[in-house]
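*Asks:* Attaching a predicted model along with its sequence, questions to come.
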Amino acid sequence: LDFDDVALGGHPSTVLVPAVLAAAEEVNASGAELLRAYLVGYEVWAELFSRETDAYHLKGWHPTAVLGTVGACAAAAYLHRLPLAQIEHALALSASMASGLVANFGTMTKPLHAGRAAACGLEAVQFAKLGLTAAPDVFEHHAGYLAALSPRGHADRTSPCPQLGSTLRILDYGLSIKKYPTCYATHRVIDGVLDLKREHGVEASRVKAIRARIGVAQASMLRNHAPVTGLEAKFSLEFAVASALVHGRVGLNELTDSVVNEVPIRALMQRLDISTDDSRCTVEPIFAMNDRVQLELDDGRVLDSGDIRFARGNAKLILSEQEMRTKFMDCTQRQSDIDREALWGHVSLLEQVSSARALAAA
């Protein structure tokens, strides 16, 4: 769906949640233990993320895949209560299994990255339990994990980890919840377009030109400038802007092949000019400090969003509980075999769930 949350340069929950649910069901953990395992995975991911100053996306690496695999392994190892030696081997195994390339964004392989990261994290734990061994210095070695992900050699491979386990980075980084099922790099601009449309009553047919300014790393991910499928459109700023103008929405119902090929959509996609800003947001490093969008109308007016600091749903601009529920119901609308209201209730009170197996059966 590309509707996952965002933090640490990627999408933590799309990897950690399935891994944690699977491991928790296997050992029949409680909801509280499940949440603690999620935090373990998040914090290990955050530790690795903090050690490289260069943007992963610009090097071709998909952080969700390469960092998420190790995070998923850590979470599963916690739930399985592995002894220290086996945890060490499991993490080292997961480091060798981590992979995912930005070049595959906008294809079926991109969501496969997340699935494989979760699966590999779980497999690494199982391999370690069976006695498979791996290098104890795989993360700090000159030919190890961090070095391989840092071609310019900027990764910190030598410092200890005093924060890991003593503080919670999730309280600093948080989780940003996507409001739209498209690449997160489009979201600030979508907000800007929808705000201008609502405030000025803009009709799509009157938009003569569109100018958007985004970050360099954002632009590198939005590689589909003339998408023809709903899958390709998830990584197209042109489509996101056009859908916002034509339909007043960018949702699951808009991300279809038929909508992407509507005549008004295709006409507007050709009117977008994208420029880049090499500044870097201190909170979300894949973004510029601010995004901006302008709409030039056929009467000569230019409507300007001004600087857009955070997208709605960002950890600094959180969605309401009702917006979260609406998103949950939207995502599960095609699942006729589940009680969506009951499942929402279980998820909302996860820390009170006594059995992961009971949750899986809900």
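*Replies:* Alright, I've got the coordinates.

*Asks:* so who does the residue nearest the centre of the chain touch?
*Replies:* Nearest residue to the geometric centre of the chain (CA atoms, centre = their mean): His11, 2.7 Å. If you count contacts by CB atoms under 8 Å, 6 or more residues apart in numbering, His11 has them with Asp4, Asp5, Thr64, Gly68, Ala114. Just so you know, the C-beta spots here come from the backbone N, C-alpha and C atoms, and that holds for glycine as well.

*Asks:* Over to Leu82?
*Replies:* Leu82 neighbours (CB under 8 Å, 6+ apart): Ala90, Val125, Ala128, Lys129.

*Asks:* what's the answer for Leu101, then?
*Replies:* Neighbours of Leu101 in contact, by CB under 8 Å, 6+ apart: Gly60, Trp61, His62.

*Asks:* Show me the domain layout of this protein.
*Replies:* 12-173, 184-304, 321-361 (automatic domain parsing).

*Asks:* need those domains in JSON lines with distance to Asn314 and mean pLDDT, can you?
*Replies:* Putting the domains of the chain into JSON lines (distance: least, CB to CB, whole Å; pLDDT from 0 to 100) gives the following:
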{"stretch": "domain 12-173", "distance to Asn314": "11", "mean pLDDT": "96"}
{"stretch": "domain 184-304", "distance to Asn314": "8", "mean pLDDT": "96"}
{"stretch": "domain 321-361", "distance to Asn314": "13", "mean pLDDT": "89"}
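
*Asks:* So for Gly313, which of those domains sits nearest?
*Replies:* domain 184-304 (7.2 Å; CB to CB).

*Asks:* rewinding a little: nearest to Arg312, of the contacts of Leu101?
*Replies:* Nearest member of the contacts of Leu101 to Arg312, counting by CB to CB, is His62, at 24.5 Å.

*Asks:* So that closest one sits against Tyr56, correct?
*Replies:* Yes - counting by CB atoms under 8 Å, His62 does reach Tyr56; the two are 7.3 Å apart.

*Asks:* and those two? which has more neighbours close in?
*Replies:* His62 (27 against 24; other CB atoms under 10 Å).

*Asks:* so what's the more buried one up against?
*Replies:* Gly10, Tyr56, Gly100, Leu101, Val102, Asn104, Phe105, Lys110, His113.
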